[in-house]
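Asks: From the sequence below, what's the structure:
(one chain, ligands or ions: 3)
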Amino acid sequence: MLRRSFLRYAGETRQSLQQQLRGVDFLKNRFTNKGTAFTLEERDHLGVTGLLPPAVESISDQIDRYWSQFNLLDQPINKYQLLRGLLDTNTTLYYALGLKYVKDILPIIYTPTVGEACQKYGALYQRDNGVYISSTYAGQIRSVLANTRKRAVDIIVVTDGSRILGLGDLGANGMGISIGKCSLYVLGGGISPSRVLPVMIDVGTNNESLKSDPLYLGNRISRVADEEFYAVMDEFMASVKDLWPEAVVQFEDFSNNHCFDMLTRYQEKYRCFNDDIQGTGAVVSAGFINAIALANLPPKDHRLLVFGAGSAAAGVVQAISDLSVSKFGITKEDVKKQVYLVDSQGLVSNNREGRLQKHKVQWARDDTPADKANALKSLWDVVQYVKPTALLGLGGVGPVFTEEIVKFMTTYCSRPIIFPLSNPSSKAEILPSDAYKWSNGKAIVASGSPFPDTTVNGKVYRPSQGNNMYIFPGVGLGCTIALPATIPQELLVVASKRLTDMVGSALESQQTLYPPINEIRNVSKNIAVAVIQECQRLGIATTKLPDSPQELMKLVDRRMYAPKYPDEAYYMKGKRKSALRSPTRHHNPTGTVEAPKQ
Ligand SMILES: NC(=O)C1=CN([C@@H]2O[C@H](COP(=O)(O)OP(=O)(O)OC[C@H]3O[C@@H](n4cnc5c(N)ncnc54)[C@H](OP(=O)(O)O)[C@@H]3O)[C@@H](O)[C@H]2O)C=CC1
Ligand SMILES: CC(=O)C(=O)O
Ligand SMILES: [Mg+2]
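Replies: Ligands and ions are numbered 1, 2, ... in the order given. Below is the predicted model of the structure:
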């Protein structure tokens, strides 16, 4: 009797345990979890009754709760932590909240706060959903990637943490930047969250204070030599192609001793691009072309001075050249005559002492008088010599565009173009408010990180945000649809052109160089269409695509992820078989091979 009731009890327990496990899996899986939005029927069916508070809420109730929690927190880094917790537990709600409050959420999940989050990555760590590839995994990188159990991946953002924003070598903490960029792919580009993958290639760090930080989570070794670095990267790229042939790989924040060579090495072999060189080039050239239109000076009369001559600067001057050639019919040679770069040694000239890095050579001035070649060291020296009409900051060192410089520019230029593009905010070359104040409201400003409006003489000025987030989500989306084998520069040029054109009449009326950031999805959609059309024109699209722009727009629209919970039929599988439908290709709610058992 006792034994029979025990068996019955044990049987029931085993059964309910199974039931419970199944339900708990749904709660634990960040793609299937919907928290208090599980209906009572679903809770019952999944065996999770009692594991959630009794109330059943809609996703908009849940958004409201998180939004008020978000606003209760004063420090951006605490808001970041709140949102990361949500991303890692209820991904749908994270993106639904993000889409509703894009303008407020972006500065938290992206620049500037993501910079602080990377600096404090070890201290803040709870969990993340990326992949760490240590140099010691050589020979096993494919199986390490396969541990993600992802059936399909559209986008990989990979960094080695060697130049995170303008914050230098942050080693494995760079994972934060890959996570942030992946979030933007979903939020801005409509890629399914289950199909993005943040990757950190941990090949050591030369940041000594990180290595001695007890909370540091990366390998405490110095950065490996080039041979080992490229062996890891080669294996990584080949493994990605083998596992997920449809993936686009975005190289992010690799220091300039590697990023140019990596692009040369991989861009004709894999579907990849470098965001800091090519994405930044595309976004800044788009804004620059609009700024020229506002400045009322013919393109050929501009003198462009770029502070910083690294990966971003090289990409920007190349893209400005490409776009000017295609839009204004100026020759490359003429554009080159209008460009001046400044690095840590001063004006970049062919006749200055020392060897120039490869990426600087083609932009080095060959007309600097011999007595000036080594004398033009400080930015102020160079500004006086060049008399720039446009001053772009990509040096990553903080405020260097002084009042003296801005006021000097206004003496010969009616509307100076001033772009403090370095990130995060602490590294901006000038506060937009100072640029407006010191130029008496004349400056045309775009900054890399978001900054508030400024009032000068009763008029409100709003800086545009010149950040590659306007470009990479759309380029990635277009490439995941057209699936070209590689990503030629032409795709970035059309992305840039489309972005320039999307500003339309707001350029004059609102003096804005980019579309509003809360229209990021529409921007990405348009860029994706332009990219697909260019793939078709170049004959490199490998998927079946419609020809008409309207049909393409519809196709892109359909492919964009919308943060909605899977419907009841998904959770009630087994109960109402007729209502079952398989998740669509682009909305695989679990994102893994191992879906919770039903
Ligand atoms: N707005 C946006 O979308 C983007 C912004 N960025 C920002 O641009 C910045 C630079 O990035 P990136 O080009 O990749 O970095 P790099 O390290 O490749 O380049 C930095 C450049 O700045 C120069 N530099 C450093 N210190 C000084 C100094 N005191 N005076 C003059 N020049 C100096 C360096 O000179 P040298 O060559 O002599 O070492 C180098 O040329 C970062 O802050 C990054 O956040 C980057 C990508 C996108
Ligand atoms: C925006 C970006 O990619 C950077 O600052 O590096
Ligand atoms: Mg970057």
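
Asks: Point to the residue nearest the middle of the protein.
Replies: Nearest to the geometric centre of the chain sits Lys181, at 3.3 Å (C-alpha atoms, centre = their mean).

Asks: what's the helix or strand for that one?
Replies: helix 175-187 (DSSP states H and E).

Asks: Show me what that helix is packed against.
Replies: helix 76-89, helix 91-100, helix 102-109, helix 113-119, strand 155-159, strand 196-202, helix 472-482 (3 or more C-beta pairs under 8 Å, 6 or more residues apart in numbering; DSSP states H and E). Where you see a C-beta, it was placed from the backbone N, CA and C, and this is true even at glycine.

Asks: avg pLDDT for stretch 414-429?
Replies: Summarised as a single mean, pLDDT over stretch 414-429 is 98.

Asks: what does the stretch 351-500 of the chain have sitting close to ligand 2?
Replies: Within the stretch 351-500 of the chain, the residues that sit near ligand 2 (C-beta under 6 Å from any ligand atom) are Asn423, Gly448, Asn467, Asn468.

Asks: Most neighbours among these, which one?
Replies: Counting neighbours by other C-beta atoms under 10 Å, the top entry in these is Gly448, with 31 neighbours.

Asks: excluding its backbone neighbours, what's nearest the residue in the stretch 51-200 of the chain that ligand 2 sits nearest to?
Replies: Evaluated by C-beta to the nearest ligand atom, the stretch 51-200 of the chain has Leu165 as its residue closest to ligand 2, separated by 4.4 Å. Leaving aside its chain neighbours, Leu165 sits nearest to Asn423 (4.3 Å; criterion: C-beta to C-beta, 6 or more residues apart in numbering).

Asks: now Leu87
Replies: Counting by C-beta to C-beta, 6+ apart, Leu87 lies nearest to Tyr94, which is 4.4 Å off, once chain neighbours are set aside.

Asks: before we move on, what about Gly189?
Replies: Distances taken as C-beta to C-beta, 6+ apart put Pro473 closest to Gly189, at 2.8 Å, once the chain neighbours are dropped.

Asks: Determine the number of other residues adjacent to the one you found.
Replies: With other C-beta under 10 Å as criterion, Pro473 counts 28.

Asks: Go ahead and confirm it touches Val196.
Replies: No - between Pro473 and Val196 there is no contact under C-beta atoms under 8 Å: 10.4 Å.

Asks: Tell me where the stretch 251-400 of the chain has strands.
Replies: Remark: strands assigned in the stretch 251-400 of the chain by DSSP state E, counting those that start in this stretch are 272-274, 304-307, 339-343, 346-347, 390-393.

Asks: Which of those has the highest mean neighbour count?
Replies: strand 390-393 (a mean of 29; mean count of other C-beta atoms under 10 Å).

Asks: So which bits of the helix or strand just after that one are buried?
Replies: Sequence order places helix 403-412 as the next helix or strand after strand 390-393, per DSSP H and E. By neighbour count with 16 or more other C-beta atoms under 10 Å, helix 403-412 contains the buried residues Ile405, Val406, Phe408, Met409.
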